[in-house]
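# Show me the folded form of this:
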Amino acid sequence: MNRRLLLGAAALALVGGIVWSQLGGSQTTGAANAAVDYADVDTSSIVEMTMGPEDAPVTVVEYASLTCPHCARFHETTFQEVKRDFIDTGKIRYIYRDVFFDGAGLRGSLLARCAGPTRFFGMNDLLFSRQQKWLDAKTMGDVMDNLVRIGKVAGLGEEQIKACIEDQEKAEVLEAWFRQHAEKDGITSTPTVVVDGKSYGNPSYGELKKILDEKLAE
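All right, here's what the predicted structure looks like:
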């Protein structure tokens, strides 16, 4: 099933607490403070991951989690068709935004961003295609080891990989960035596709193609 979110203030604090406890962080500020503090975090250092021309007439935003099975399926099917028919042809601008349910997803996102924007989508595809393998772990240490292996497959060095996935400061900012965007766009489940500011949930390729064709014809 789709991964679902509760994005009230208390729920956001809970998500944050889960992420940080799984990352080995301490929870000293309490849930109430956590719910407030994320909105004040400077997230300008986080690079928006995009494909397609900036001046495209239609903008599509995908919210997804690297630990969500439905998101992996979306990337294997719908996303590839959208990329072929709309992104590669320059018809739309496509933005990918992470959603975090757990520490594993957050660490996976840090790895995907490790090689920079030009290689992000390739790394993301690799993580989705091998989702079951790298999540086949009993501890966060096992997840970390699995991510190192995937990073090496992508041609990254072990030192570089560990520096990325252990970057606690960036993890904190990335989590705040996720919360800010998810609350603003009213994201309650993954994957969720937003077209020109309107949410369409998890559409099939046929449904999304119809939406995009209609938007492009306006």
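# can you give me the strands for the protein?
Remark: strands assigned in the chain by DSSP state E are 3-4, 49-51, 58-64, 92-98, 189-190, 192-195, 198-199.
# Residue 48 and residue 178, how far apart?
Using C-beta to C-beta, to the nearest Å, residue 48 is found at 12 Å from residue 178. In short, each C-beta sits where N, CA and C put it, glycine included.
# Neighbour count: these two, which is higher?
Under the criterion of other C-beta atoms under 10 Å, the comparison of residue 48 against residue 178 puts residue 178 first, with 27 against 11.
# how near is that one to residue 65?
Taking C-beta to C-beta as the measure, residue 178 falls 10 Å from residue 65.
# who touches both of the two?
With contacts defined as C-beta atoms under 8 Å, 6 or more residues apart in numbering, the residues adjacent to both residue 178 and residue 65 are 98, 99, 100.
# Give me the nearest residue to the second one, chain neighbours excluded.
When the adjacent residues along the chain are set aside, residue 99 lies closest to residue 65, with 4.6 Å between them (C-beta to C-beta, 6 or more residues apart in numbering).
# same question, the first one
Ranked by C-beta to C-beta, 6+ apart and with sequence neighbours excluded, the top spatial neighbour of residue 98 is residue 109, at 4.7 Å.
# That neighbour reaches residue 66, doesn't it?
Yes. Using C-beta atoms under 8 Å, residue 109 is in contact with residue 66, at 6.2 Å.
# Give the intersection of the neighbour lists for those two.
Here residue 109 and residue 66 have residue 98 as joint contacts, going by C-beta under 8 Å, 6+ apart.
# ok, residue 71 - how many residues close by?
Burial of residue 71 is recorded as 25 neighbouring residues (other C-beta under 10 Å).
# got it, and the one 10 residues further on?
A total of 14 residues lie near residue 81 under the criterion other C-beta under 10 Å.
# and it, what is it in contact with?
205, 209.
# now this structure, which segments are flagged as low pLDDT?
Per-residue confidence for the chain (pLDDT under 70) gives these ranges: 1-36.
# any idea how far the residue nearest to the spatial centre of it lies from residue 155?
Computing the C-alpha centroid of the chain and ranking residues by C-alpha atoms, centre = their mean puts residue 98 first, at 1.7 Å. Here residue 98 is placed at a distance of 22 Å from residue 155 (C-beta to C-beta).
# try residue 101
Residue 101 is 28 Å from residue 155, where distance means C-beta to C-beta.
# ok, now residue 203?
For residue 203, the distance to residue 155 (C-beta to C-beta) stands at 34 Å.
# These two: which has the busier surroundings?
Counting neighbours by other C-beta under 10 Å for residue 203 and for residue 155 shows that residue 203 has the greater number, 18 against 9.
# Leaving out chain neighbours, which residue sits closest to the more buried one?
What sits nearest to residue 203 in space, not counting adjacent residues and going by C-beta to C-beta, 6+ apart, is residue 193, at 6.0 Å.
# Now residue 59: closest residue in space that isn't a chain neighbour?
Nearest residue to residue 59 in three dimensions, chain neighbours excluded: residue 93, at 4.7 Å (C-beta to C-beta, 6+ apart).
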